Structure formats: structure tokens, C-alpha cells
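1. need the 3D shape of this:
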Amino acid sequence: MIRNIIILCLIGLVAIFVLQNTQVVEVRFLFWTLSMSRALIIFGTLAIGFIGGWLLAFPKRNKTRTPKVKN
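-> Have a look, this model is predicted:
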């Protein structure tokens, strides 16, 4: 229950932060140049971080769920 409340508070803080940063900025990466909303960049970076963390934790979760066979 407390975990859900903390997660909702963090989501709310991220949403407020993103909504307050809606200016258009230019992003340069290697030879690409993009002009987009700062809010989209922040949200995209957050989403990439969540997906990366989930993918890195995935093999660890599979190892703990695999039943061990005794010989």
C-alpha cells in the first residue's frame, strides 16, 4: 500500500516537471539535429531508463523464479 502511494507521488512529480518544461529545444546527437519539446525529451529519456532497468533486471528475476531440483 505504501509502495503504491510512493509510486503515485513520484509519477505526479515527474508529470509536473515535464509539464513545466514545454519549451522547444534543439537536440544534436552525432549527425542528427532535432527540434522538439523539452517535455518529450524528458519523457522519452525517462521511458528509456525504465525499459533499460527492466531489461537489466529481467535475467535476475528469471533465475530466482526457476525451481531448483535436488539430486
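
2. now do the buried residues in the longest helix along the chain.
-> Ranked by number of residues, the top helix in the chain under DSSP state H is helix 38-65. Judged by neighbour count (16 or more other Cβ atoms under 10 Å), helix 38-65 contains these buried residues: 39-40, 43. Using the backbone N, CA and C atoms, a C-beta is placed for each residue, glycine as well.

3. from the chain's centroid, how far away is it?
-> 6 Å (Cα atoms, centre = their mean, to the nearest Å).

4. mean confidence for it?
-> Helix 38-65 carries an average pLDDT of 79.

5. also stretch 19-31?
-> So the average pLDDT for stretch 19-31 ends up being 86.

6. measure it end to end?
-> Start and end residues of stretch 19-31 are separated by 29 Å (Cα to Cα, to the nearest Å).

7. any residues touching it, and which ones?
-> 33-39, 41-42 (Cβ atoms under 8 Å, 6 or more residues apart in numbering).

8. including distance to residue 1, could these go into a markdown table?
-> Formatted as a markdown table, the contacts of stretch 19-31 follow (distance: Cβ to Cβ, whole Å):
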| residue | distance to residue 1 |
| --- | --- |
| 33 | 47 |
| 34 | 41 |
| 35 | 43 |
| 36 | 38 |
| 37 | 35 |
| 38 | 34 |
| 39 | 31 |
| 41 | 34 |
| 42 | 29 |
